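S.K.: need a structure here:
(3 chains)
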Amino acid sequence: MKAKKLLSAALAVGMTVSLAACGGGTEDSAKDGAKDSGSGDGKTIVFSTNVVGGKADALEAACKAFEEETGNVVDFQAPGSDYEELMKTKMASNQLPDLFTTHGWSVARYSDYLMPVNDQEWAADIDDQIKGVITNADGDMFVLPVDIDIAGLICNMDVLKDAEVDVDAIKTWDDFAAACDKVAAKGKNPIHMGGKDSWPIGQFFDWAAPSFYVTDDANSKAEDLKGGKFDTATWESVAGLLDGWVKAGYLNEDCLTADYNSDIESLASGNTAFCFYGNSAIMDAKGVNPDANLGMIPVPSASAGDEPSLIAGEDIAVGVWKDTEVKEEAVELLNYLAKPDVMKTIAEAAGSKAGLKTAEAEIGDIGEYLKKYETVETYPYFDREYLPSGMWDVMCTTGADILSQKDGAVISAAKVMEQNFNDKYMP
Amino acid sequence: MKKRNRVMNLFYIPALILFSIFVIYPLCKGIALSFTNWNGYSQTYKMVGLSNYTRMLTDKNVIRAFINTLIYGGMSTLLQNVLGLALALFLNQKFKGRAVTRTLVYLPVMIAPLIMGYVMYFFFSFNNGALNDLLAVFGKEAVDWLSDGKTAVAILTIVNSLQFVGISMVIYLAGLQGIADMYYEAADIDGATPLKKFRYVMLPLLQPAVTSSVTINLIGGLKLFDIIMALTSGGPGYDSHSLSTLVHRTYFASENAGYASAIGIITFLLIAVFSNLIVQYLKKKEVEM
Amino acid sequence: MKKKNGIWRIPVLIVIFCVYFSPFYILTVISFKSATDLSSRWEFPAAPTLDNFRTAIEQGGILKALFHSFVIMVIAVLLIVVVGSLAAYPLARNKSKWNKVIKAFVMGIMMVPPLSILVSLYSIIVDMGGVNQYWGIIIILLTFELPQAIFLYSNFISSIPTALDEAAALDGCGPVRTFFLIIFPQLKSVTASVVILAGIHCWNDYQFSLYVLQSSEMSTVTLAISSFFSQTTSNLNAASAAALLAILPVVVCFLCLQKYFIKGMVDSAVK
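M.R.: Presented below is the predicted three-dimensional model:
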């Protein structure tokens, strides 16, 4: 009797397991089936992106509209801050999404995996401010720049006005320091940096390094860097700039433990004058305080003989994996994103300029600033253009040592940079 | 009986298949990678011999992470066992509210360390952080809790310990309840003081509980990952990395996958050797008692 | 025992209560505040809002994530129980020299830091087509939870007298029937432990899910929450609401089944 009871118990367990397994299976296949049947001969296109928040929503909406128009299915993936790691794992196993955004690395890191887009209809319309950044040495381009990230220092204009800083007079880093002194005298934070996640520290170097290395035509070290020669003394100046600010007390006290969110909060609530972020940070800050008077200024120069500059880079730039099995559909989606009205909507959500000349995004305040500084020369993000891949992390961590005022941090930062540069440089 | 055993050995098969495909094979590949300079994504790489291993010996970040890992493992274990035993002794008494207290202490064990880390950041952040708000109430200056590497390591250890102390607590509670009253009575007759009773009656009888509690805490502490990622991301700089988070950082951010693999292998060996030694030691003690 | 004055317990209880209740309190307060409310995190929201929960559900897809986590956990745990107890049986019964080797091997696997094998693991899953599939993550969770299950089961089976097996053998039961009919039914209490321990781990898993479940459609709770917190937009309030929603089922489940949870934990440890 007992054995029977046990048998049925065991059977029940077995059944549940197999049922559950089947359940999982049928559900999956049902889902796939729905995809197929709902769209006739439609295909599934995997579209993976690093962008999040409003930008991601806008992109996803565009994909939905594309689905309705063509009957294809877009599997939209936005894993957030884990994106870069995921992409590295995918490159390692040579399995990439059909379409993906390249977060600034279309040439340096992803070009081997991307289909060139030079022969697409819209290629001729790519905005000149971004064209150079996304073109490789052979003149090939690999992505559709949906919008362009043109960045200077973002600032809280009210704080600066209050401290009687004339933003148009900030030409060099010395002027910038003088402005910081005035802000500090008013009891506000000149600069807010969220070093917890270390990337905001890297931002500083991307902003400051060009003024020391490349923007001064008479003294440009661009060729050296590309040729594999790293000038250590100049990096000491870059790192020394940050070190000087820390010593002068320009940075927030918690610069090692604050994060991006607290930077935004502080900027938006009028406690901070400057941050080293792109314009999307302005959009985020408006989310915290819609009334904040936020703006931007070009990045100061290192010497009086040089002019301030801006940084131009990819923001939402989309490429097609060269080995995709749904190339036709993927290119179709790419072209859909290139349509002026589609592009306009996404660029407006991102708060930045559209990537093609055919589209004009209306982006309010930021647009006016961009217009104001239209003639300022733009340079690419320093680490993407002039440093070997993998140096970003080195910039961030050596920067953290400076923030925590370790002994000899400036000298060792330059030394570690040089060492890693030489290790990672590939001609 | 021989044949019976052979049939029985078939029961291993599903587990063995899973282990060889999803653990052994990738592990071997990882070992192979540790001799290369692979950056983690490109299709080509060079063999670099043992240089990844020799480099570790002089890499101060690795040494720092190594020490931190020992602190996370060792200090968490110590804290959790001392606190766990104290809580167990406290909650083994009969009074109103002890069931609720027990529940409350055990509850965090259920919660993902990742989420716990995010919540803890609300406490320790400088601006608007809950702890600094408390200090302000007492008129004290705000403290930037996580800005110093040593403090950050201490805070991570404490957070980890407090979250998982519930495990040790229930193990010790069960141990205490398993001690028959006659031992205490015998000690009473001998006129033992409470302290002596604790030292000579309770502790020896709790030895098996100590072994299991220490083992669980030790492996958990040495593998600490999620909570570091959520609370400090290994910072400031590299100061609060454990070996696991350092592997992650080296692999992805620094693009040194070969080097990261080598660190990973060493981490594995460290955890295996260290926890085996401790377990052997405790087991031996159990027998002696 | 003599009756003692219990007043001293009150401060101790207050400290314990403060330490363990405050995280939940803070999380709750934040999730009811609007993003523009920058008051102290101890302060009760001036105007409590449910917007964050709406955001968490609508944008964060937290309900769907809860469902995915649930399905994955249930199937994974069932498989862990079956495969684990199966493998544990010969391990506990066949006392050969291989036994120790296998035991050490299983223990060793418990200690492999998943990161050191992640990339190779990921390419295997890709080759098998398991990315963004339930079975992809289930098979990995199964593999990495197995050692503990095997360990618990084999310890427990060792304590069951072999006379039981021998009697079954005399009655003509083969090992398969012996296991399912005689042994498995004896394993109720240890199975409860395995289910609880493995269940919590599967529910809280972050590292593996991150790589296997990449489509936001397939996110589990930890993934949904981490993407909420790690986004570079400052909606910590909605993230907190999402976190609250995610831990709620676990907390409720724990409060209802507390006895079993604790018993499971203890059984697994003190064996």
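S.K.: all helices for the stretch 101-250 of chain B, in order.
M.R.: Secondary structure of the stretch 101-250 of chain B (DSSP state H, counting those that start in this stretch): helices at B:113-124, B:130-137, B:149-177, B:181-189, B:194-197, B:203-222, B:226-231, B:243-248.
S.K.: Tell me which helix or strand in chain C has the weakest average pLDDT.
M.R.: helix C:258-269 (a mean of 74; mean pLDDT, DSSP states H and E).
S.K.: and it with chain B, contact?
M.R.: Yes - Helix C:258-269 lies within reach of chain B by C-beta under 8 Å from any C-beta of the partner chain, at C:258, C:261, C:262, C:265, C:266, C:269. Bear in mind the C-beta positions are built from the backbone N, C-alpha and C, glycine included.
S.K.: I'd like to know which of the residues you listed are buried.
M.R.: Among the residues of helix C:258-269 next to chain B, those that count as buried by neighbour count (16 or more other C-beta atoms under 10 Å in any protein chain shown) are C:261, C:262, C:265, C:266, C:269.
S.K.: out of those, who's nearest residue A:316?
M.R.: If you rank those by distance to residue A:316 using C-beta to C-beta, residue C:261 comes first, at 46.5 Å.
S.K.: near chain B, which residues of the stretch 51-200 of chain C show up?
M.R.: Taking C-beta under 8 Å from any C-beta as the contact definition, the stretch 51-200 of chain C meets chain B at C:83-84, C:86-87, C:89-91, C:93-94, C:96, C:102, C:105, C:108-113, C:115-121, C:124, C:139-140, C:142-144, C:146, C:150, C:169, C:174-176, C:179, C:200.
S.K.: Would you mark the buried spots in the one helix or strand residue B:72 maps to?
M.R.: If you go by DSSP states H and E, residue B:72 is part of helix B:60-91. The neighbour-count check on helix B:60-91 (16+ other C-beta under 10 Å) flags B:61-62, B:64-66, B:68-77, B:79-81, B:83-85, B:87-88, B:90-91 as buried.
S.K.: Pull up the per-residue confidence for the closest residue to residue A:357 other than its chain neighbours.
M.R.: Spatial nearest neighbour of residue A:357, chain neighbours left out: residue A:125 (4.7 Å); criterion: C-beta to C-beta, 6 or more residues apart in numbering or on different chains. At residue A:125, the model reports a pLDDT of 92.
S.K.: What's the local residue count around residue A:125?
M.R.: Applying other C-beta atoms under 10 Å in any protein chain shown, we find 15 residues neighbouring residue A:125.
S.K.: Correct me if wrong: it contacts residue A:360.
M.R.: No - if you go by C-beta atoms under 8 Å, residue A:125 and residue A:360 don't touch, sitting 12.0 Å apart.
S.K.: what's the closest non-adjacent residue to the residue most central in space within chain A?
M.R.: With distances taken as C-alpha atoms, centre = their mean, residue A:103 lies nearest the centre of chain A, 5.1 Å away. In space, and not counting its chain neighbours, residue A:103 is closest to residue A:50: 4.6 Å by C-beta to C-beta, 6+ apart.
S.K.: Can you tell me how far that neighbour is from residue C:224?
M.R.: Distance check for residue A:50 against residue C:224: by C-beta to C-beta, to the nearest Å, it reads 17 Å.
S.K.: And these two? Which one has more around it.
M.R.: residue C:224 (26 against 21).
S.K.: ok, the more buried one - contacts?
M.R.: Applying C-beta atoms under 8 Å, 6 or more residues apart in numbering or on different chains, we find residue C:224 in contact with C:60, C:61, C:62, C:65, C:242, C:246.
S.K.: Show the average pLDDT along the helix or strand encompassing residue A:334.
M.R.: Secondary structure assignment for residue A:334, by DSSP H and E: helix A:327-338. Average pLDDT, helix A:327-338: 93.
S.K.: pLDDT wise, what is residue 247 at?
M.R.: Reading this off chain A. Reading off the model, residue A:247 has pLDDT 94.
S.K.: looking at chain C here, not the other one
M.R.: pLDDT for residue C:247: 88.
S.K.: where does the stretch 1-150 of chain C come near chain A, residue by residue?
M.R.: Counting by C-beta under 8 Å from any C-beta, the residues of the stretch 1-150 of chain C that sit close to chain A are C:35-36, C:38, C:59, C:71, C:74-75, C:78-79, C:81-82, C:118-119, C:122-123, C:126-127, C:132-135, C:138.
S.K.: Give me the domain ranges for the chain.
M.R.: Looking at chain A here, since you left the chain open. A:36-147+A:315-367, A:150-313+A:371-424 (automatic domain parsing).
S.K.: actually chain C
M.R.: Domain ranges of chain C: C:9-49, C:59-269, per automatic domain parsing.
S.K.: hey, which of those is tucked in deepest?
M.R.: Looking across those with neighbours counted as mean count of other C-beta atoms under 10 Å in any protein chain shown, the highest average goes to domain C:59-269: a mean of 21.
S.K.: chain center to that domain, what's the gap?
M.R.: Remark: domain C:59-269 is offset 7 Å from the chain centroid, using C-alpha atoms, centre = their mean, to the nearest Å.
S.K.: For chain A, which segments count as strands?
M.R.: Ranges of strands in chain A, per DSSP state E, are A:44-48, A:73-77, A:99-101, A:144-145, A:147-151, A:153-156, A:189-191, A:272-275, A:294-297, A:310-314, A:317-320, A:353-354, A:378-380.
S.K.: Lovely, talk soon.
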